[in-house]
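Student: Quick one: sequence and predicted model below, then my questions.
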Amino acid sequence: MMPFDMRPDAVMQELMAYSQKLSHGVRNLMEVGEISTGVTPKTVVYQEDKLTLFRFNPSADKVQSKTPLLIVYALVNRPYMTDIQENRSTVKALMDAGQDVYLVDWGYPDRADRYLTLDDYINGYLDRCVDVICERHRIDKINILGICQGGTFSLCYSALHPDKVKNLVTMVTPVDFQTPDNMLSHWVQQIDIDLVVDTLGNVPGEMLNWTFLNLKPYQLMGQKYLGLLDTLDDPEALKNFLRMEKWIFDSPDQAGEAFRQFIKDFYQENKLLNGGLEIGEPVSLKGVTMPVLNVFAEQDHLVPPDASRAMRGRLGTKDYTELSFPGGHIGIYVSGKAQKTVPPAIGKWLDERD
């Protein structure tokens, strides 16, 4: 490490350079304009209550897979993370790999949705989206890509409706909700979720944000803002930073009853792994009989790799493949390395089974 130059002229030069950078940064902040998200053109094909089903407009010069792919994202964040900007878009990369991509946007629940259950989400909304896609393409089965909590939903859906799912891809998807390295799970074990839901009704997105940020408080609430000072004078880097911030704090409230069941059955009782889960009817991982590609991130602090790898040997299919990515929970969607490796690998795996 080079020693810090304490000469008065060197210190003054450093302060002037910092002041100039800060001045440029303030100007860039004032001129940054609207921060766009969800950049790939798409069309609404179905709507129900708060839910919207989108189809990303196929490119005429790309060979399309015979079987459309439905992305099922988590309830707790907005799905435009998969399409956050043109050079960091999992959706665009999947389309470049020849996939015909649909996306479920769960929307923003309000007080009218307090009593929605997991059965409503999985056997109701999600099942009707699958039916819409099958009818549009005149097919009996589709491919599903489930992400995080959406991957858990997709596993449950595939177990309950194996006749409608041709291939299943899960990304950063928990199956074992009680691995020793799962800090979020350790916290959730101590929560009186009945008291939370009975008191609040819907669970505020701001409360969940606070929880997620405090899993890595220095990195997620301090270090990144210190690092921002180094990019304030770069308009494009500043926009990228603000785009991520917009997504992080754009957290929908959670429908109370569905949240209650998810915390109790998955985190506190680990029923998906141990058995006893019911969503309309009993759910067993052995009911997942179609080919499965399980994609996980090696440095994931929200869904540790072992939480995802737990599905190995527990499914009802012999066609099970794992793909590990050397990054974190968010990097697997947006990093340059992920864009070059993960969506093409998913596309290749699906094409081999199409």
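Tutor: Arrived safely.
Student: Quick check: the gap between residue 328 and residue 346.
Tutor: Note on residue 328: its distance to residue 346, by CB to CB, to the nearest Å, is 18 Å. In short, each C-beta sits where N, CA and C put it, glycine included.
Student: repeat for residue 49
Tutor: Counting by CB to CB - residue 49 and residue 346 are separated by 30 Å.
Student: For the two, work out which one has more neighbours and name it.
Tutor: Counted by other CB atoms under 10 Å, residue 49 and residue 346 do not tie: residue 346 has more neighbours, with 24 against 14.
Student: what are the ranges of the strands in this structure?
Tutor: Assigned by DSSP state E, the strands in the chain fall at 42-48, 51-56, 69-72, 83-85, 88-89, 101-105, 142-147, 165-171, 278-279, 281-282, 292-297, 320-325.
Student: on contacts alone, who are the packing partners of the third one?
Tutor: On a contact count with 3 or more CB pairs under 8 Å, 6 or more residues apart in numbering; DSSP states H and E, strand 69-72 meets strand 101-105, helix 127-137, strand 142-147, helix 149-160.
Student: Tell me the buried residues in it?
Tutor: 69, 70, 71, 72 (16 or more other CB atoms under 10 Å).
Student: How about the contacts made by the second one?
Tutor: With CB atoms under 8 Å, 6 or more residues apart in numbering as the criterion, the residues that contact residue 70 are 102, 103, 104, 129, 130, 133, 142, 143, 144, 145.
Student: is it true that the first one touches residue 55?
Tutor: I take that to be residue 102. Yes: Residue 102 lies in contact with residue 55 (CB atoms under 8 Å); the separation is 5.1 Å.
Student: Look at the two and report which has more neighbours.
Tutor: More crowded of residue 102 and residue 55, by other CB under 10 Å: residue 102, with 26 against 19.
Student: Can you read off the pLDDT for the more buried one?
Tutor: Looking at residue 102, its pLDDT is 98.
Student: Report the beta-bridge partners for it.
Tutor: Beta-bridge partners of residue 102, counted by DSSP bridges, are residue 55, residue 70.
Student: Pull up the gap between it and residue 268, please.
Tutor: As judged by CB to CB, residue 102 and residue 268 stand 33 Å apart.
Student: which residues of the stretch 151-300 of the chain fall in helices?
Tutor: Assigned by DSSP state H, counting those that start in this stretch, the stretch 151-300 of the chain shows helices spanning 183-188, 193-200, 205-213, 217-218, 224-228, 235-248, 256-261, 271-274.
Student: So which of those is the most surrounded?
Tutor: Most buried of these by mean neighbour count (mean count of other CB atoms under 10 Å) is helix 256-261; its value is a mean of 22.
Student: who's in contact with it?
Tutor: Contact partners of helix 256-261, identified using CB under 8 Å, 6+ apart, comprise 75, 114-118, 120-121, 193-194, 197, 200-203.
Student: of those residues, closest to residue 281?
Tutor: Residue 281 has its nearest neighbour among the contacts of helix 256-261 in residue 118, at 12.0 Å by CB to CB.
Student: remind me which residues of the chain are low pLDDT?
Tutor: Along the chain, segments meeting pLDDT under 70 span 1-6, 9, 11, 14-33, 60, 62-63, 215-229.
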